[in-house]
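Q: I need the structure of the sequence given here:
(chains A and B, ligands or ions: 3)
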Amino acid sequence: MKVILRNPRREIEIRGRRRVHGLLAELGLPRESHLVIRNGTLVPGDEELDTDDVIEIRPVISGGM
Amino acid sequence: MKCRTCRGPAIIDLPRHNANFCAEHFLQMCRRQVEKAIHDHQMLNKSDRILVAVSGGKDSLAVWDILIDLGYQADGFYVALGIGEYSEESRGYTERFADERGLKLTVVSLRDDYGYDIPTSSRATGRVPCSACGMSKRHLFDKAAIDGGYDVVVTGHNLDDEAAVLFGNALRWDVEYLARQLPVLPSRNGFPKKVKPLIRLSEREMAAWCVVRGIDYIVDECPIAAGNKHIGFKEALNALEENSPGTKASYYLGFLDRMAPVLAGIAASGADSVTPCTRCAAPTGGEEGSFCAFCRLVERSSTHEPVSVELILKKSRSRKRAQSEVAQS
Ligand code: SF4
Ligand SMILES: [Zn+2]
Ligand SMILES: [Zn+2]
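A: Ligands and ions are numbered 1, 2, ... in the order given. Take a look at the predicted model:
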C-alpha cells in the first residue's frame, strides 16, 4: 500500500496487509497524535488496510500558541 | 468496531471515552462537549456578536464551524503574519473556508497595513519570533473586537494546548500564570472578553472534526514552531495518555475544577491600572503618555529592512547547535 506522511510531505510503500494500529506501531507513530485517512474517510484502529489502498497518516499536533 | 450510540460501523476510536463512534455520532459528541464548555464556564450567549481568531489551522476553523453549526453569530478575523509560504497557504485555506460558507472574514496584513512581518520584527526587536507574533496577534484581535463592537473573542485552543501550557507553568511553578490560565478572560480595562470553547476536545478530535466535515485546513506546521518546547510538552503528555487514556482531560479539567478556585485570589490581585497608548489608544500598563508595546514594536520593525523566514530559521538552528555543543563539552 502507498502511505502518505506529512510535515514534510513524503510517500512510502508498505508491502502486505496491515491493521491501522499495526501500521502506526510499525512506523513508530503514536495513535494519540495521528489520524489515518483512506479516500478522504477516517479509518478506526482495528480496520484492515489492503495492499492497493492509498493511506494518509496525518499528524495532529500543532505547535503554535 | 461499532459506534457506541447506533452500533453502525465506527470511523474513529476514542480511548479516553472508551468508545468508538460513526461520523454522525462523533460530530454529536463534539457539539455536546463544546456546549458543555460554553455552559459550564458561561462563555457565550446566542445574542453575542462573536469574533473568531482564525489561523487556517484545524482548531480555529473547527471552532468557527461548530459555533455556526450551533446557531451562534460568528465572524472571522485573520492576521497575515508574513511567515513565507506558510502564511500565504494558511490565508488561502481561511479565505476559502469563509467564502464557501458565506461567512464574514476580515484580514489584516502586518506587511501591508503596518509595514513589517514576523521574521523582520523578530530581528529588529531581538524577541524570539513567537513572542513578537503572539504580541502582534493579541493586540490586533483586541483592537478588531473593540473597534468592531464585538462582545467576545473566541480562540481555538483545545485540550492539548491547555494541558501543555498547564504542564509548562507547573514545571516552573509560575503561580501567576497558573492562576490566570482560565478558559474565560472577562472583559476589563478596555480589553475584550476572550473564551476557549474547545477545552474539552483533543487535538486528534479537532482534526477528525475537520476531516468528517470536509474542512480543508493547513496541515503543515508554522516552520518556526518546529521542535519548540510546547510541542515537547504535548508529546510527553501524549505518551502518558497512550498508557492511561483520559490523563490529559483529568489533568486539565481537574485543574479547572479543583485547583483554579484555590488560586483565584492570586488572579484577582493582578488587576493593575492601565492608561491609553498615546499613539493607538489601546490600554497599556506603561506610564501616562507612553506608547503601548505593539506601537513600539511597529516603530522598530517597520523601519528595519525585510528579513526572510529562512534567515531566522537558519539563525535559530545554529544557535541550538551551538547550545547542544556547549552542553556536550
Ligand atoms: S509558531 Fe510562533 S511564529 Fe509561528 S504562528 Fe505560532 S506563535 Fe507565530
Ligand atoms: Zn453512530
Ligand atoms: Zn499603541
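
Q: what's the local residue count around B:G214?
A: 8 (other CB atoms under 10 Å in any protein chain shown). Where you see a C-beta, it was placed from the backbone N, CA and C, and this is true even at glycine.

Q: skipping its backbone neighbours, what lies nearest it in space?
A: Closest residue in space to B:G214, ignoring its immediate chain neighbours: A:G40 at 7.9 Å, by CB to CB, 6 or more residues apart in numbering or on different chains.

Q: enumerate the residues of chain B near ligand 3.
A: Within chain B, the positions adjacent to ligand 3 are B:277, B:279-280, B:282, B:292, B:295 by CB under 5 Å from the ion.

Q: can you put those residues in TSV and add neighbour count and pLDDT?
A: As requested, those are arranged in TSV below (neighbours: other CB atoms under 10 Å in any protein chain shown; pLDDT from 0 to 100):
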residue	neighbour count	pLDDT
B:C277	20	94
B:R279	15	93
B:C280	14	93
B:A282	19	92
B:C292	23	93
B:C295	18	96
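
Q: neighbours of the residue nearest to B:G214, how many?
A: Neighbourhood size, A:G40 [other CB under 10 Å]: 9.

Q: state the pLDDT value of it.
A: Looking at A:G40, its pLDDT reads 87.

Q: re earlier: and which of the residues of chain B next to ligand 3 is nearest to ligand 2?
A: B:A282 (48.1 Å; CB to the ion).

Q: dump the residue contacts of the closest one.
A: Contacts for B:A282 (CB atoms under 8 Å, 6 or more residues apart in numbering or on different chains) come out as B:139, B:142-143, B:190, B:276, B:292, B:294-295.

Q: name the member of those residues with the most neighbours.
A: Within the contacts of B:A282, neighbour counts (other CB under 10 Å) peak at B:C292, which reaches 23 neighbours.

Q: was I right to think that residue contacts B:C277?
A: Yes: the pair B:C292 / B:C277 is scored as a contact, 3.7 Å apart, by CB atoms under 8 Å.

Q: in terms of helix, strand or coil, where does the most centrally placed residue in chain A fall?
A: Chain A has A:I57 as the residue nearest its centroid, 3.0 Å off, counting by CA atoms, centre = their mean. What DSSP: H, G, I helix; E, B strand; the rest coil gives for A:I57 is strand.

Q: do the same with B:P245
A: Per three-state DSSP, B:P245 ends up coil.

Q: OK, contacts around it?
A: So B:P245 contacts B:15-16, B:18 (CB under 8 Å, 6+ apart).

Q: show the buried residues in these.
A: B:R16 (16 or more other CB atoms under 10 Å in any protein chain shown).

Q: now, the contacts of B:P245 that are in strands?
A: The members of the contacts of B:P245 all map outside strands under DSSP state E.

Q: in JSON lines: the contacts of B:P245, plus distance to B:N243.
A: Shown next, in JSON lines, are the contacts of B:P245 (distance: CB to CB, whole Å):
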{"residue": "B:P15", "distance to B:N243": "10"}
{"residue": "B:R16", "distance to B:N243": "12"}
{"residue": "B:N18", "distance to B:N243": "15"}
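
Q: thanks a lot, catch you later.
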